[in-house]
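S.K.: Any chance you could fold what I've pasted below:
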Amino acid sequence: MPGTGLETVATQCPCCGEPIELLIDCSEEEQRYIEDYEVCCHPINVHVIVAASGLPVVEVSTENDA
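M.R.: Residues are numbered from 1 along each chain as shown. Below is the predicted model:
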């Protein structure tokens with residue numbers, strides 16, 4: 001069962017290595033989207049799966065890694 005609400009997840013930009021925080025909508029069980037990172041101006045592929053615990057598991061990759 002997916003979680004509810006929003007969770008903030010800390011990770012690193014796969015392009016430049018800078019720490020980033022993503023706001024994840026846990027009402028969707030699985031998501032894939034592209035987010036433009038304002039520090040290095042590269043697109044980041046974001047893949048989210050909401051675990052049974054209701055917490056999101058987030059993987060980020062570069063445009064070329066997807």
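
S.K.: Distance check, Asn45 against Cys15.
M.R.: Distance of Asn45 to Cys15, computed by CB to CB, to the nearest Å: 11 Å. Where you see a C-beta, it was placed from the backbone N, CA and C, and this is true even at glycine.

S.K.: Kindly report the same for Glu38.
M.R.: The gap separating Glu38 from Cys15 is 12 Å, by CB to CB.

S.K.: circling back: give me the common contacts of Asn45 and Cys15.
M.R.: With contacts defined as CB atoms under 8 Å, 6 or more residues apart in numbering, the residues shared by Asn45 and Cys15 are Thr62.

S.K.: His47 contacts Glu59, correct?
M.R.: Yes: using CB atoms under 8 Å, His47 makes contact with Glu59 at a distance of 4.5 Å.

S.K.: burial count for Val50?
M.R.: Counted with other CB atoms under 10 Å, residues neighbouring Val50 total 22.

S.K.: Touching, it and Val58? I think so.
M.R.: No: with contact defined as CB under 8 Å, Val50 does not count as touching Val58 (10.0 Å).

S.K.: circling back to that earlier point, who has more neighbours out of Glu38 and Cys15?
M.R.: Between Glu38 and Cys15, counted using other CB under 10 Å, the more crowded position is Cys15 (18 against 8).
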